[in-house]
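Asker: Test case, fold it:
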Amino acid sequence: MLDEAARLTGNCHVSKAGLSAHEFQLYARHLAAECDRLEHQLTGEDAE
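Answerer: Numbering: from 1, shown residues only. Take a look at the predicted model:
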């Protein structure tokens, strides 16, 4: 989503109970990839 300053932000909701480090990394990488994909669709670029 875009915040009030027109910055692209992303979030996901995951239960912490039983969450392993590997699962956390999986969610973080997937979120980053989806944010990059949306950024590219909106702007045609992938600026970090």
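Asker: Look up how far residue 11 lies from the residue of the chain positioned farthest from its centre.
Answerer: Ranked by distance from the centre of the chain (C-alpha atoms, centre = their mean), the top residue is residue 18, with 21.4 Å. In this view, residue 18 and residue 11 are 20 Å apart by C-beta to C-beta, to the nearest Å. C-betas here are computed from N, CA, C, even on glycine.
Asker: Then residue 29?
Answerer: 15 Å.
Asker: can you check residue 35 too?
Answerer: 10 Å.
Asker: So which of those two has more stuff around it?
Answerer: Each of residue 35 and residue 11 has its neighbours counted (other C-beta atoms under 10 Å); residue 35 has more, 16 against 7.
Asker: so how far is the strand or helix carrying that one off the chain centroid?
Answerer: Take DSSP states H and E as the rule and residue 35 turns out to sit in helix 21-43. Distance, stretch centre to chain centre, for helix 21-43: 4 Å (C-alpha atoms, centre = their mean, to the nearest Å).
Asker: okay but residue 10 is in contact with residue 34, surely?
Answerer: Yes. Residue 10 is within contact range of residue 34, at 6.6 Å (criterion: C-beta atoms under 8 Å).
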